[in-house]
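A.B. asks: After the sequence you'll find the predicted model.
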Amino acid sequence: MQTKELGRTGIRVSTLCLGSMTWGTQNTQDEGHAQIDLALARGINFIDTAEMYPVNPLRPETTGRTEEIIGHWFARTGRRGDVVLATKHSGEGYKGARDGAPISSKTIPQAIEDSLKRLQTDVIDLYQFHWPNRGSYMFRQNWKFDPSSQNRAETLAHMEDALGALQREVDRGTIRAFGLSNESAWGTSQWLRVAGEKGGPRVASIQNEYSLMCRLFDTDLAELSVNEDVGLLAFSPLATGLLTGKYQNGAVPEGSRMSHVASLGGRVGPRAFAAVEAYLEVAKNHGLDPVQMALAWCLTRPFMCSAIFGATTTEQLERALGAAELTLSQSVLGDLDAVHRDHPMPY
């Protein structure tokens, strides 16, 4: 398993990251713990979670349950030092945390304290803002994105306020690094600028959706990422399971994400299934497992820090972990590029 530096922090993380958002709904605590055991045994040192997890379904009454499951694993094993731990502060509108209050210097200290308590640790390695207060074009909002209602002065004042609070947490020793999620190139550049001019922790990473089927990161954010050492933590690198092929031809496996969320967050549609079929054909033609191919492709991208994937069974986890040993040929990469040109933005 390869590792990369998380931004300019000196923290080294595995290029595959274990996602945890199903622990507490689709997975039991014991199953979540078994996944951690297996992932660490295979070289992963990076686990991503969030205070609002688990999902599928997302319910206010389960807020924090996934962090608790991870905390119980730390308490049981005593292996906190073997894990680079990332979690997230929920943003404006999510009623399950602080009644939907926006992120601010007022919410940050208590949110961190609550996560630390659930996680049974005294430090969070990477603390991320789950989405911007001003909104985001992620989750299919790009089709009608309109930033004209944003208030630039308020946004910049918020950034300065939040960075001040984060720096106090760094000084207190409760967090080591700061990251963004569901952010844009402009937003990330402003977080970097304000930190440089006013102080506060420098953005180390951006956690945005990225896969063969969702490549919004490929232009402006890619350039920012490479030049500013702000690596991508890609979520949904398997396109919420679409790229496994398990949903082709109308199939909905029992217990799968689609059995809980029929639209897969707006990703389901005829163009998506046609794109999946084309990617599956590439894997078949080259004798590759499509899951491993999709994950290994993510790791070829010049801006990639780590690809975050989840599993609901240890068999799925074993299969995905094989991507760490896979090197894609130029022929495969060329065929994947050809599919992308034929099936751009399929959802």
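C.D. replies: Structure's in. What do you need?

A.B. asks: Helices along the stretch 151-300 of the chain, start to end?
C.D. replies: 152-172, 185-198, 220-228, 257-260, 270-285, 290-299 (DSSP state H, counting those that start in this stretch).

A.B. asks: Quickly compare these and say which is most buried.
C.D. replies: helix 290-299 (a mean of 23; mean count of other C-beta atoms under 10 Å). From N, CA and C alone the C-beta is placed, and that goes for glycine too.

A.B. asks: and it, what does it pack onto?
C.D. replies: helix 270-285, strand 304-309, helix 314-321, helix 330-342 (3 or more C-beta pairs under 8 Å, 6 or more residues apart in numbering; DSSP states H and E).

A.B. asks: thinking again about what came up before, for the helices of the stretch 151-300 of the chain, give me a markdown table that also has distance to Asn142.
C.D. replies: Below are the helices of the stretch 151-300 of the chain laid out as a markdown table (distance: least, C-beta to C-beta, whole Å):
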| stretch | distance to Asn142 |
| --- | --- |
| helix 152-172 | 19 |
| helix 185-198 | 13 |
| helix 220-228 | 12 |
| helix 257-260 | 21 |
| helix 270-285 | 15 |
| helix 290-299 | 20 |
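
A.B. asks: Export those helices as JSON lines, with columns for distance to Thr87 and mean pLDDT.
C.D. replies: Listed next are the helices of the stretch 151-300 of the chain as JSON lines, based on distance: least, C-beta to C-beta, whole Å; pLDDT from 0 to 100:
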{"stretch": "helix 152-172", "distance to Thr87": "13", "mean pLDDT": "98"}
{"stretch": "helix 185-198", "distance to Thr87": "18", "mean pLDDT": "98"}
{"stretch": "helix 220-228", "distance to Thr87": "22", "mean pLDDT": "98"}
{"stretch": "helix 257-260", "distance to Thr87": "21", "mean pLDDT": "96"}
{"stretch": "helix 270-285", "distance to Thr87": "30", "mean pLDDT": "98"}
{"stretch": "helix 290-299", "distance to Thr87": "22", "mean pLDDT": "98"}
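
A.B. asks: follow-up on the earlier one: among the helices and strands packed on helix 290-299, single out whichever gets nearest to Leu192.
C.D. replies: Among the helices and strands packed on helix 290-299, the nearest to Leu192 by C-beta to C-beta is strand 304-309 (15.8 Å).

A.B. asks: mind putting the helices and strands packed on helix 290-299 in CSV, distance to Ser14 included?
C.D. replies: Shown next, in CSV, are the helices and strands packed on helix 290-299 (distance: least, C-beta to C-beta, whole Å):
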stretch, distance to Ser14
helix 270-285, 24
strand 304-309, 7
helix 314-321, 10
helix 330-342, 22
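
A.B. asks: Ok, which of these comes nearest Glu183?
C.D. replies: strand 304-309 (14.3 Å).

A.B. asks: roughly how far is stretch 177-189 from the heart of the chain?
C.D. replies: Remark: stretch 177-189 is offset 13 Å from the chain centroid, using C-alpha atoms, centre = their mean, to the nearest Å.

A.B. asks: Stretch 238-247 too?
C.D. replies: For stretch 238-247, the distance to the chain centre is 16 Å (C-alpha atoms, centre = their mean).

A.B. asks: any idea of the mean pLDDT in it?
C.D. replies: The average pLDDT within stretch 238-247 is 98.

A.B. asks: can you list contacts of it?
C.D. replies: For stretch 238-247, the external contacting residues (C-beta atoms under 8 Å, 6 or more residues apart in numbering) are 211-214, 253, 256-258, 264-265, 267-268, 272-273, 276, 279-280, 290-291, 294-295, 309, 320.

A.B. asks: coming back round to it: looking at the helices and strands packed on helix 290-299, which is closest to Gln29?
C.D. replies: Checking these against Gln29 by C-beta to C-beta gives helix 314-321 as the closest, at 14.5 Å.

A.B. asks: tell me what that closest one is packed against?
C.D. replies: Counting by 3+ C-beta pairs under 8 Å, 6+ apart, helix 314-321 packs on helix 29-41, helix 290-299.

A.B. asks: will you turn the ones you listed into a markdown table that also has distance to Asp342?
C.D. replies: What follows is the helices and strands packed on helix 314-321, written out as a markdown table (distance: least, C-beta to C-beta, whole Å):
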| stretch | distance to Asp342 |
| --- | --- |
| helix 29-41 | 35 |
| helix 290-299 | 16 |
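
A.B. asks: and of these, who's closest to Leu333?
C.D. replies: Of all the helices and strands packed on helix 314-321, helix 290-299 comes closest under C-beta to C-beta, at 7.4 Å.

A.B. asks: Name the residues that touch that closest one?
C.D. replies: Counting by C-beta under 8 Å, 6+ apart, 2, 15-16, 210-212, 234, 237-239, 243-245, 279-280, 282-283, 286, 304, 307, 309, 319-320, 322-323, 326-328, 332-333, 336 sit against helix 290-299.

A.B. asks: What subset of the residues you listed is buried?
C.D. replies: 15-16, 210-212, 234, 237-239, 243-245, 279-280, 282-283, 304, 307, 309, 319-320, 323, 328, 332, 336 (16 or more other C-beta atoms under 10 Å).

A.B. asks: now the most far-flung residue of the chain relative to its centre: how far from Met293?
C.D. replies: Most distant residue from the mean C-alpha position of the chain: Asn285, 30.0 Å away (C-alpha atoms, centre = their mean). Using C-beta to C-beta, to the nearest Å, one gets 11 Å for the distance from Asn285 to Met293.
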